[in-house]
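Asker: Any chance you could fold what I've pasted below:
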Amino acid sequence: QVQLQESGPGLVKPSQTLSLTCTVSGGSIAAYNNFWSWIRQPPGKGLEWMGAIYYTDRTYYSPSLKSRASISRDTSKNQFTLQLRSVTPADTAVYYCARAYNAPVPTDLWGQGTQVTVSS
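Answerer: You can find the predicted model right below:
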C-alpha cells in the first residue's frame, strides 16, 4: 500500500525559502507514468495545485508559482521535495503531497498534509 508523508518546518519567516519533503513508502517514485504533486490550501480558500514531478524527472508548475517554486526528487530515498522561494504570509497554507497517474491531475492518493505558517 503506497503512503505519502509530508515533512518540513511549520514556521517560515517572510522572504525565506520554504522546503518540504514528501516521503513515499510502499511504492517507487520512479514507477511508470506516475506524477508526484504538491498541492496547498490556504485558510478559508480552495485547493491550489502547485506543481508536479513526473517519473522521468520532468517537472511541471502552476504558471502563478513557476518563478518561485522548484520540485526535485531523490530516488535513493524515495522522496520528492518542494522549495518555494521568497515566501510571504500569503503562502501560509496546509501543504499536501499527492500522486497521480497519466496526468498531474486528478490525484488519487494524498499525504495527510502539513501546516506551514509564514510569519516573522
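Asker: Is the spatially most central residue of the chain within a helix or a strand, and which one?
Answerer: The C-alpha lying nearest the average C-alpha coordinate of the chain belongs to Trp38 (Cα atoms, centre = their mean; 2.6 Å). Using DSSP states H and E, Trp38 sits within strand 34-41.
Asker: again with Ala52
Answerer: Assigned by DSSP H and E, Ala52 falls in strand 48-54.
Asker: buried set for that strand?
Answerer: 49-54 (16 or more other Cβ atoms under 10 Å). Every residue, glycine included, has its C-beta placed from N, CA and C.
Asker: Any chance you could list what contacts the worst-scoring helix or strand of the chain on mean pLDDT?
Answerer: Confidence across the helices and strands of the chain bottoms out at strand 107-110, with a mean of 93, counting by mean pLDDT, DSSP states H and E. For strand 107-110, contacts defined as Cβ atoms under 8 Å, 6 or more residues apart in numbering pick out 2, 4, 37, 39, 96-101.
Asker: Tell me what angle the strand holding Ala52 forms with strand 34-41.
Answerer: 160 degrees (axes from the mean of the first three to the mean of the last three Cα atoms, to 10 degrees).
Asker: Kind regards, and thank you for your time.
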